[in-house]
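Trainee: sequence first, predicted model second:
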Amino acid sequence: MRTALKMVLPLIVSVAVVSGLFAWYQVRTEKRNLRSDLARRAEILGEALQESVEPLLERAPDKNLQRLVERFGEREHLKGVAVYDATGKALAITPGIAKEFVNWPDVAKNAAGKDKELDEFAREKRTDPAGNEEVLALHILACPLHRNNESAGALALFHDTSYIDIQVQHTLRDSLLNALVQTLLIAGLALILVRWTFMQPLKRTAHWLRTMRTGSANGAKAPPGLPQGQGEIFDQLHQEVTHLARDLNTARATAEEEARLRETGASLWTAERLRVSLQNKLHETPLFVLSNREPYMHVLNEKDRSISVIVPASGLVTALEPVLLACNGTWVAGGPGSADREVVDANDRLRVPPDHPSYTLRRVWTTDEEDKGFYEGFSNEGLWPLCHIAHTRPMFRPEDWLHYQRINRRFADVVLQEMEGTKSPILLAQDYHFALLPRMVKEARPDARVAIFWHIPWPNPEVFGICPWQRELVDGLLGADLIGFHIQTHCNNFLETVDHALEALTEWDRFAVNRRGHVTRVRPYPISVEFPEYPPTEEEETRNAGAERAEICEELGIEASLLGVGVDRVDYTKGILERFRGIERFLEQYPAFQRRFSLVQIGAPSRTDIERYKNFLDEVTAEAERINAKFHAGRWKPIVLLKRHHSHEEIARYYRAASVCFVTSLHDGMNLVAKEFVASRVDERGVLILSTFAGAALELSDALLVNPYDICQLSEATHSALEMPEAEQAKRMHWMRRAVREHNIYRWAANLISDLTEIRIETNERSEARQPR
Ligand code: G6P
């Protein structure tokens, strides 16, 4: 109460002062009006009297004059009338004032002297008949008198103005009373408002922050009680407090984790450890990451012209975001979003993530025509199918190649511009869109340390040899100091391709290539995801997979007691059709699972401007419909195909509710869905069915490994997964979680960057003589 009072005290004082001033003004106006009203009335009376008195002065003063004076004296507030001769002596006067005004007052003398009507408000002391002293408040109007056009004295009217004083006092009293009531009312209301609108929520927030600080609040939940959507200031405060809480929770969890790791001697990589390690290794040198796909895409909502932010479905984005968050670098990427240009500054930069800006995103613009050649054509109709053995024929068009070269040049120029002023910068370029870029950057900045990570498989030399520009691509890549692949087989395939395509010294013993004196290391770095290290929040602990499944079924309008989940971009390399057919076979083989098991397939439409992808989306839809038509019964159907982009949070719900997750890629560099599923199963339940053709199969050997082309094997694996005893699930999941936890994204980044920083860079390229590390 005292705090609220303190908060509203300035308001009370202000209201009191304003009301007081207002009362004073009212009184002044009232007094002025009453006085001018009286003066006006006196003037009219004076003029009338003047007209009557002057004819009487023509002869010697007689009783008529005294009678006239007495008659006029009987009016409201008129105290008396006096007629003075030119010497100031009263010729006739109202008896009540005869004692005080037997001689004319100054104002009458002046009126006669100046020959003009004058008036004044005056106070006159007098002694009443009982001998008491009193003060007369008067208004005196004096009019000059004439006889034969000569000044003959003055006429004076004396009005009693004490009624004005009384009235003004009443008005003052009323106004002050009013002001007091107003002040009390406003202050009371303000107190109530402050208490309910500010004090209560702030008190609850303060209490919540205290329990958070002392470690008894749970998770990074939003603070209670701050009214949201009730004005910008509360929204901002709510946001800031939420972020503060999250940061505090993260910092505490990190510190606890670090302490625990030190205690157990374990060597887990965390965001904090990566940050410290990068600081030591990079010595303030900023990190540059470059990719075609941006981590945040701004899109314009045509309906209400609002802008929303999307995190694109991309394994690359999933993996790199935590690294950038840990080390505040610059991410250079394309900007295909419809509102991407609207949110950048004059240098095409912005800070992201939007709700917790931690690093810089620099956008690079390309035209639709350039995209068609560079992105759709060369990258995704050429290199993508070339590198994935998924039996879609690669297309290599000379015009696409021109665009590919041009866009590689543009991105290289942008990253060089961003590197200006940075000594020995570090660049992590990403993926098959930028095979030419490492050499371009290195030629302009020999002091830069350049690595490129190839997120997709690298095929054998015969397959890669299909590409008419294989020499240029391989040569461009060899501009890098370090080339990373997910697995050793891809490194081997690359080295063999170099042998086939170029004149270069391939050093198999140390997995390096020496081309014209520049050495490029080639190493496997199995990419991964973040693994939540923090103890589960209360919400996570009490969450119930069964309840979540029931909720999801309700939302989807289906009835099923067992859920499977598949999460993919709709891409022909992901084995989605094979997965559907496997499930068809499973339901035929094990009809007891009909009406019980449904697969929720989250399919983010991808690269839909490319004919093959558009057709594939249709094929996937048709296949799901065919199978559903075959089995569908009541509210149950075998496949629920959700053809839209889903956020990480939405996907996490499906992961948690599923009994089995399907990753059936026909060929995949790594596949992070497999690792995400494992990382999200805090409950150590659920089974992963994983294609042997995905890089992840090497690390996640406790999954049920399948050949996705073998529909019978898929069917059997689904059956085993759904029948697997809980203990077995827990054992497998435990080991898989351990693998992902130990080989998380921070370890990936630490290894890659550490290897890169340990390479000796000689700007005059004499590295043939160097010894392997
Ligand atoms: C793969 C590639 C990434 C790419 C992602 C999504 O994971 O390795 O470079 O970003 O697919 O594809 P998109 O063409 O939509 O970027």
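Mentor: Now that the structure is in, tell me what you want to look at.

Trainee: and for Arg523, nearest residue in space, chain neighbours not counted?
Mentor: Take Arg523 and drop its neighbours on the chain: the residue closest to it by C-beta to C-beta, 6 or more residues apart in numbering is Gly484, 5.8 Å away. Glycine gets a C-beta too; all of them are placed from N, C-alpha and C.

Trainee: on contacts alone, who are the packing partners of the one helix or strand the one you found maps to?
Mentor: Secondary structure assignment for Gly484, by DSSP states H and E: strand 482-485. Counting contacts by 3 or more C-beta pairs under 8 Å, 6 or more residues apart in numbering; DSSP states H and E, strand 482-485 packs against strand 449-453, helix 488-501, strand 518-524, helix 745-758.

Trainee: kindly recompute the last result at 6 Å.
Mentor: Using 3 or more C-beta pairs under 6 Å, 6 or more residues apart in numbering; DSSP states H and E, the elements in contact with strand 482-485 are strand 449-453, strand 518-524.

Trainee: quick check: angle from the longest one to helix 488-501?
Mentor: Relative orientation of strand 518-524 and helix 488-501, computed by axes from the mean of the first three to the mean of the last three C-alpha atoms, to 10 degrees: 150 degrees.

Trainee: now, of the helices and strands packed on strand 482-485, which is deepest in the fold?
Mentor: strand 449-453 (a mean of 25; mean count of other C-beta atoms under 10 Å).

Trainee: which strands or helices does that strand pack on?
Mentor: strand 426-430, helix 437-444, strand 482-485.

Trainee: looking at those, which is nearest to Ser659?
Mentor: Nearest to Ser659, of all the helices and strands packed on strand 449-453, is strand 482-485, at 33.3 Å by C-beta to C-beta.

Trainee: can you tell me what sits against the closest one?
Mentor: Under the contact criterion C-beta atoms under 6 Å, 6 or more residues apart in numbering, strand 482-485 has outside partners 451-454, 458, 477, 491, 520-525, 752, 756.

Trainee: can you name the two of the residues you listed that are farthest apart?
Mentor: Distance extremes for those: the farthest pair is Trp458 and Leu756 at 19.3 Å, using C-beta to C-beta.

Trainee: between those two, which has more neighbouring residues?
Mentor: Trp458 (27 against 22; other C-beta atoms under 10 Å).

Trainee: and the more buried one, helix, strand or coil?
Mentor: coil (DSSP: H, G, I helix; E, B strand; the rest coil).

Trainee: ok, the contacts of strand 482-485 vs Val299, which is closest?
Mentor: Among those, and counting by C-beta to C-beta, the member closest to Val299 is Phe453, at 27.3 Å.

Trainee: wait, what's in contact with the closest one?
Mentor: Applying C-beta under 6 Å, 6+ apart, the residues near Phe453 are Gln430, Gly484.

Trainee: measure it to Arg71 for me?
Mentor: Note on Phe453: its distance to Arg71, by C-beta to C-beta, to the nearest Å, is 118 Å.

Trainee: low-confidence bits of the stretch 451-600 of the chain, can you list those?
Mentor: Counting by pLDDT under 70, the low-confidence segments of the stretch 451-600 of the chain come to 534-538, 541.

Trainee: tell me which stretches of it form helices.
Mentor: Assigned by DSSP state H, counting those that start in this stretch, the helices in the stretch 451-600 of the chain fall at 461-464, 470-477, 488-501, 538-542, 545-556, 576-589.

Trainee: mind putting those helices into TSV with distance to Pro105?
Mentor: Shown next, in TSV, are these (distance: least, C-beta to C-beta, whole Å):
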stretch	distance to Pro105
helix 461-464	123
helix 470-477	113
helix 488-501	119
helix 538-542	93
helix 545-556	98
helix 576-589	113
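
Trainee: what average pLDDT does stretch 639-657 get?
Mentor: Computed over stretch 639-657, the mean pLDDT rounds to 96.

Trainee: quick one: buried residues of it?
Mentor: If you call a residue buried by 16 or more other C-beta atoms under 10 Å, then stretch 639-657 has these buried ones: Ile639, Val640, Leu641, His645, His646, Ile651, Arg653, Tyr654, Tyr655, Arg656, Ala657.

Trainee: quick one: which of these is nearest the ligand?
Mentor: Closest approach to the ligand among the buried residues of stretch 639-657 (C-beta to the nearest ligand atom): His645, at 10.4 Å.

Trainee: so the closest residue in space to that closest one that isn't next to it in sequence bridges to which residues?
Mentor: Distances taken as C-beta to C-beta, 6+ apart place Ala604 nearest to His645, at 4.9 Å, with adjacent residues excluded. Judged by DSSP bridges, the bridge partners of Ala604 are Arg569.

Trainee: Ala604 touches Lys643, doesn't it?
Mentor: No - using C-beta atoms under 6 Å, Ala604 is not in contact with Lys643, being 8.1 Å away.

Trainee: can you report how many residues neighbour Leu473?
Mentor: 21.

Trainee: typo on my end, it should be Ile759
Mentor: 18.

Trainee: residues in contact with it?
Mentor: When contacts are counted by C-beta under 6 Å, 6+ apart, Ile759 is found next to Asp481.

Trainee: circling back to that earlier point, the residue nearest to His645: neighbour count?
Mentor: 18.

Trainee: that older thread, the helices and strands packed on strand 482-485: which one's closest to Pro725?
Mentor: Comparing these by C-beta to C-beta, strand 518-524 comes nearest, at 35.1 Å.

Trainee: next, the angle strand 449-453 makes with the closest one.
Mentor: 40 degrees.

Trainee: elements contacting strand 518-524?
Mentor: Counting by 3+ C-beta pairs under 6 Å, 6+ apart, strand 518-524 packs on strand 482-485, helix 488-501, strand 512-515.

Trainee: deepest of the ones you listed, which one?
Mentor: Using mean count of other C-beta under 10 Å, strand 482-485 ranks as the most buried of these, with a mean of 26.

Trainee: what lines up beside it in the sheet?
Mentor: Using DSSP bridges, the strands paired with strand 482-485 are strand 449-453 (parallel), strand 518-524 (parallel).

Trainee: turn these into CSV, including distance to Cys661.
Mentor: Formatted as CSV, those follow (distance: least, C-beta to C-beta, whole Å):
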stretch, distance to Cys661
strand 449-453, 25
strand 518-524, 25
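
Trainee: closest one to the ligand among those?
Mentor: Here strand 449-453 is closest among the strands paired with strand 482-485 (C-beta to the nearest ligand atom), at 9.5 Å.

Trainee: distance between the closest one and the chain's centre?
Mentor: 33 Å (C-alpha atoms, centre = their mean, to the nearest Å).

Trainee: quick one: name whatever helix or strand follows the longest helix anywhere in the chain.
Mentor: Looking across the chain with DSSP state H, the single longest helix is helix 2-57. Heading C-terminal from helix 2-57, the first helix or strand you meet, by DSSP H and E, is helix 63-72.

Trainee: I'm done for today, thanks for sticking with me.
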